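S.K.: predicted model, plus sequence, below.
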Amino acid sequence: MVLYWMQRRGMTRQLFADRMGKSLSWVDKIRAGDRQLDRLSVLRQISRVLDIPLAAIIDPEEVERQRTCPDDREINNIRQALRRYDAITNVFRPGGDVLSEPNLAKLERSVRFGWMAFQASNYRVIGQLLADLIRDSQAAVWQLENDQRQQAQTWLAWTYQLTAATAFKLGDTQLGWVAADRGIQIAEQTGDLTLIGSAARRVAHALSATHQSDDAVQLVKSAASRLEPHLRSADSAFASAYGMLLLKGSIAAARLDHAADVRDLQDEALAVAARLENDRNEHWSAFGTTNVSVHRVSALADMQSGGRVIEAAADIPYGDLMHLPRERRASHLLDVTRGHLQAGQRDQAATTLLEADQLAPEEVRCRHLAKLVITDLVRSYPRGLTPMVGVTRLARAVGVVV
């Protein structure tokens, strides 16, 4: 476990030894298994040096939880990267400040890798990636000019959107809000309507996540009104961003229980998806008719529709779902789990939840919504009746008392 955290913190054997006040041979004996770490004082020192909770070394359940999701230090590093106003305005830049050398090819690779990790629900990897990616993309925007600067702005905008999307998954609405706000501002500077539509979707999510769903619906309608005239001559990337914007508005409307808005926004999104003929993943949107159906299930779950959630989910062909990224499929299973719980079908809810955990553990074990679903499932069991073994293990893995 110690070696794992040394690697995750980017700490060499020598640096770890120096900070522990030990010799390099002491560290090597740990690696070889020749030294047992059985003194509490030493374990506490290790936890301080690695900046992890003591439980992440000695408690098996906490060990698993910390290995699966981004930890507090990684999230804080992301916050600090976003707080660096010296990277986005010259007012706060100290004299002689040295920025990292711009490398657009590397930047593009990192952004694409980050979105691939997101669609695989690999949030721990994203947590380790984002802070440096934010700093590097900000530095590139500051140092480059003309066409190269616009390219850097594009990758910075996608980086902010990736940050927002990940933060909302983890339940950190403040971090998500800041990243979404930065994303829409830099998208506007590029003039790229596809990027603007996608960034507007993140802002709508931020509004909805901060209990401002009315404003979120209005923002989506206003943005769609601005973008719609360009739809006729648009490419598939723009159509996908436009369609996903409408779907995000439908979820905000569902949280207000505005069924008419939900229907209208999803019907319009379905019409856009039908023009694309096949499910696509332009700019990591996974937009298409299947994703519209998945959002219909999610909206029904948000409106506490129970049986209708299950019926709508049953109407989606399994083969179509398999075209979606793992993150979308696991998220869909969580929505179906909610539907079963709303319909009083506890056993079906448990089975569906465990299916989601098998498909994408990080989507279930790191996501804030999933923890709420697990809590509701555990509480649905009458006193004296114990949840099935798989549910009990999962609940303990995310810190829910059984």
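M.R.: Received it, and whenever you're ready, just let me know what you need.
S.K.: helix or strand for the residue nearest to Ile52 when sequence neighbours are not counted, which one?
M.R.: Closest residue to Ile52 apart from its sequence neighbours, by CB to CB, 6 or more residues apart in numbering: Trp5 at 5.8 Å. From N, CA and C alone the C-beta is placed, and that goes for glycine too. Using DSSP states H and E, Trp5 falls within helix 2-8.
S.K.: which residues sit against that helix?
M.R.: If you take CB atoms under 8 Å, 6 or more residues apart in numbering as the criterion, helix 2-8 is touched by 12-13, 16, 30-31, 37, 46, 50, 52, 56-57, 67, 128.
S.K.: again, but for stretch 228-248
M.R.: Contacts of stretch 228-248 (CB under 8 Å, 6+ apart): 193-195, 197-198, 200-201, 204-205, 208, 216, 220, 223-224, 227, 265-266, 268-269, 272-273, 275-276, 280, 282-283, 285, 287, 291-292, 295.
S.K.: now, of those residues, which are buried?
M.R.: Applying a neighbour-count criterion of 16 or more other CB atoms under 10 Å, the buried members of the contacts of stretch 228-248 are 193-195, 197-198, 200-201, 204-205, 208, 216, 220, 223-224, 227, 265-266, 268-269, 272-273, 276, 280, 282-283, 285, 287, 291-292, 295.
S.K.: in strands only, show me those.
M.R.: Judged by DSSP state E, the buried ones among the contacts of stretch 228-248 include no members of strands.
S.K.: quick one: which of those residues sit in helices?
M.R.: 193-195, 197-198, 200-201, 204-205, 208, 216, 220, 223-224, 227, 265-266, 268-269, 272-273, 276, 291-292, 295 (DSSP state H).
S.K.: residue contacts, the most centrally placed residue in the chain?
M.R.: Compute the mean C-alpha point of the chain, and by CA atoms, centre = their mean the closest residue is Thr166, 2.5 Å away. Counting by CB under 8 Å, 6+ apart, Thr166 touches 118, 123, 126-127, 130.
S.K.: mind telling me what element it is part of?
M.R.: Counting by DSSP H and E, Thr166 is found in helix 146-170.
S.K.: what residues sit buried inside that helix?
M.R.: 149, 151-170.
S.K.: likewise for stretch 44-52?
M.R.: Buried residues in stretch 44-52, counted by 16+ other CB under 10 Å: 46-47, 49-50, 52.
S.K.: ok, now stretch 354-366?
M.R.: Buried residues in stretch 354-366 (16+ other CB under 10 Å): 354, 356-357, 359-366.
S.K.: can you redo those as JSON lines with pLDDT?
M.R.: Below are those laid out as JSON lines (pLDDT from 0 to 100):
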{"residue": "Leu354", "pLDDT": "97"}
{"residue": "Ala356", "pLDDT": "98"}
{"residue": "Asp357", "pLDDT": "97"}
{"residue": "Leu359", "pLDDT": "97"}
{"residue": "Ala360", "pLDDT": "96"}
{"residue": "Pro361", "pLDDT": "95"}
{"residue": "Glu362", "pLDDT": "94"}
{"residue": "Glu363", "pLDDT": "96"}
{"residue": "Val364", "pLDDT": "95"}
{"residue": "Arg365", "pLDDT": "94"}
{"residue": "Cys366", "pLDDT": "92"}
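S.K.: using CSV, please lay out those residues together with distance to Met322.
M.R.: CSV is the format used below for these (distance: CB to CB, whole Å):
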residue, distance to Met322
Leu354, 19
Ala356, 15
Asp357, 18
Leu359, 11
Ala360, 14
Pro361, 19
Glu362, 19
Glu363, 16
Val364, 19
Arg365, 23
Cys366, 23
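S.K.: return the member of those residues nearest to Ile78.
M.R.: Cys366 (14.3 Å; CB to CB).
S.K.: my guess is the closest one contacts Thr68. True?
M.R.: Yes. Contact status for Cys366 versus Thr68: in contact at 6.4 Å, counting by CB atoms under 8 Å.
S.K.: so which elements touch the host helix or strand of Ser25?
M.R.: According to DSSP H and E, Ser25 maps onto helix 24-32. Other elements packing on helix 24-32 under the criterion 3 or more CB pairs under 8 Å, 6 or more residues apart in numbering; DSSP states H and E are helix 2-8, helix 13-20.
S.K.: what angle separates it from helix 13-20?
M.R.: Between helix 24-32 and helix 13-20, the angle comes out at 110 degrees (axes from the mean of the first three to the mean of the last three CA atoms, to 10 degrees).
S.K.: list the contacts of helix 24-32.
M.R.: By CB under 8 Å, 6+ apart, the list of residues contacting helix 24-32 reads 2-3, 13-14, 16-17, 20, 35, 37.
S.K.: so for that helix, mean pLDDT?
M.R.: Throughout helix 24-32, pLDDT has a mean value of 77.
S.K.: that one: what's the following helix or strand?
M.R.: Next along from helix 24-32, by DSSP H and E: helix 40-50.
S.K.: what does that following helix contact?
M.R.: Looking at what lies outside helix 40-50 - CB under 8 Å, 6+ apart - the contacts are 2, 5-6, 9, 11, 16, 19-20, 37, 53-54, 56-58.
S.K.: and those residues, which of them are buried?
M.R.: When the contacts of helix 40-50 are checked against 16+ other CB under 10 Å, the ones flagged as buried are 2, 5-6, 9, 11, 16, 20, 56-57.
S.K.: list the buried ones in the next helix or strand after the helix holding Thr166?
M.R.: Using DSSP H and E, the helix or strand that directly follows helix 146-170 along the chain is helix 173-190. Judged by neighbour count (16+ other CB under 10 Å), helix 173-190 contains these buried residues: 173, 175-184, 186-187, 189-190.
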